[in-house]
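> Quick one, fold the following:
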Amino acid sequence: MSGWLPLAPCTPAACVDRTRAAAAVPRAVLRLTAVAVLLLAGIAVVLAPSGLRRRLPAVLVRRWCRWVVRAAGVRVRVTGAAVPRGGLLLVANHVSWLDIPLLAAVRPARMLAKSEIGRWPVAGGPTARAGVLFIERDRPRALPGTVDAIARALRAGAAVAAFPEGSTWCGRARGPFRRAVFQAALDAGVPVQPVRIRYRAGERAVSTTPAFVGVDTLLASLWRVASARGLTAEVEVRPVVPPGRHRDRRALARATEYAVHGDQGKAPSKSMCALRGLCRFHTAGCGQPEGRHSKGG
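Next comes the predicted model:
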C-alpha cells in the first residue's frame, strides 16, 4: 500500500453524532445557499487574471475562509497566529472538509490534494489555478517528485498546507502523522506550523457531526453540518517548530504530531476501533472522552 493511502477505521455509522438539535429545513437551505454563493465568488477570483489574484490581501482571503465556515452555521474560534510570511509548512489534524477553509483562515497556503481532483470536469481547472499541489497517491514512485515540488514551493516563500494523517478521522480517534511531507520542510529549511482543529457542540462536548469519514458523501456531510445547531470550530495555532531543531523527518513528524495531539493519548489501533466500535461509545481508547476540554500539548 502506498504511504499516501492510509486508511482510517472511522465510519459514519460508528462515529458520527446524529444531530439532536437540528435547524429548520429553510435555515439549512439558506446556509447551504450562502456557502454556494461564497464558493462561486471564490472561483470567480481564482479564474481572474493572475495579477488580480496576487493583489488580494491575505487578510481578505482569511476572512473569506472564515465566512465560508460561518455561512455553514459553524462558529469559528482561532487562538494563536501563524508565521506571517516566508516559506512555511502548515499542518493540522484532519476531520472534515471544513478543515480546508479553517486552515487557510490561519494563513493562506497552497494546499496538497489528491491528483484525481485535478481531473474533475468542473473543479479541476479552478483547483489547479489556485496553486494546489497534487499528489499521485496510488503511485509510490511519484512520491520523491511530489516532495521536491513541495520543497520548491517552500523555498520560493510560499506556505504549503497539508494533513499528514493522510485521511479524515472522526475527531475522537486520530491517525499517526505520515513523514514524507516533513522531508520537504527539512529540504527547504523552513519552519513547521502545527495547528489543532476541534469541533464542539455547545461549550463542552466534543462533536463528530462535522466529520467526513468512510463512505460518507459530501452532500450528506454538507446537510448534516448545515442542519446542526450550536457547532463551533476551535482552531488552535500551536508553537512553531523552527528549522534545524530536528535532524530527520521521523523526529520532525513525531514532534509535530505531539504538538497537535500530545495530550490526547496514543493513536488507537485500526483493528480496535473497527472491531470494538470505540468511536461510537466515546471511550478513551478511541481518543478523548466526550466532555473533556484539554489545554495541554
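
> Just give me the residue right at the centre of this protein.
residue 99 (3.6 Å; CA atoms, centre = their mean).

> wait, what's in contact with it?
Residue 99 sits next to 92-93, 163, 197 when contact means CB atoms under 8 Å, 6 or more residues apart in numbering. Where C-beta positions appear, they are placed from N, C-alpha and C, glycine not excepted.

> same question, residue 142
Applying CB under 8 Å, 6+ apart to residue 142 gives the contacts residue 136.

> cool, residue 199 as well?
With CB under 8 Å, 6+ apart, residue 199 has these contacts: 74, 95-96, 98, 171, 206-211, 231-234.

> So which residues of the stretch 101-250 of the chain form helices?
Using DSSP state H, counting those that start in this stretch, the helices of the stretch 101-250 of the chain run over 115-118, 124-129, 143-155, 180-188, 218-226, 249-261.

> now the fifth one, how far from the chain's geometric center?
The reference is to helix 218-226. Counting by CA atoms, centre = their mean, to the nearest Å, helix 218-226 is centred 17 Å from the centre of its parent chain.

> tell me the mean pLDDT over that helix?
Average pLDDT, helix 218-226: 92.

> got it, and the last one?
What helix 249-261 shows for mean pLDDT is 94.

> which of the contacts of residue 99 lies closest to residue 108?
Among those, residue 92 lies closest to residue 108 (CB to CB), at 14.4 Å.

> Show me what the closest one is bridged to.
Judged by DSSP bridges, the bridge partners of residue 92 are residue 195.

> chain center to the helix or strand containing residue 59, what's the gap?
Taking DSSP states H and E as the definition, residue 59 sits inside helix 58-71. Taking CA atoms, centre = their mean, the mean C-alpha location of helix 58-71 is offset from the chain mean by 15 Å.

> what's the answer for stretch 43-57, then?
Distance, stretch centre to chain centre, for stretch 43-57: 23 Å (CA atoms, centre = their mean).

> Buried ones in that stretch, by neighbour count?
For stretch 43-57, a neighbour-count test (16 or more other CB atoms under 10 Å) marks 43, 46 as buried.

> Quick one: end-to-end distance for it.
When the termini of stretch 43-57 are compared using CA to CA, to the nearest Å, they are 17 Å apart.

> Tell me how far residue 91 lies from residue 210.
Applying CB to CB, to the nearest Å, the value for residue 91 to residue 210 is 19 Å.

> which residues of the stretch 51-200 of the chain score low on pLDDT?
Across the stretch 51-200 of the chain, the ranges flagged by pLDDT under 70 are 51-53, 115-128, 137-138.

> Let's see that with 90 instead.
51-58, 111-146, 166-175 (pLDDT under 90).

> Just give the number of residues close to residue 90.
Residues lying near residue 90 (other CB atoms under 10 Å) number 25.

> Would you tell me what helix or strand it is located in?
Assigned by DSSP H and E, residue 90 falls in strand 88-92.

> outside of that strand, which residues touch it?
Strand 88-92 is contacted from outside by 82, 99, 102-103, 106-107, 109, 150, 154, 159-164, 177, 181-182, 184-185, 190-197, 256, 260, using CB under 8 Å, 6+ apart.

> Same question for stretch 108-115.
58, 61-62, 65, 88, 90, 100, 103-104, 127, 130-137, 150, 153, 158-163, 181.
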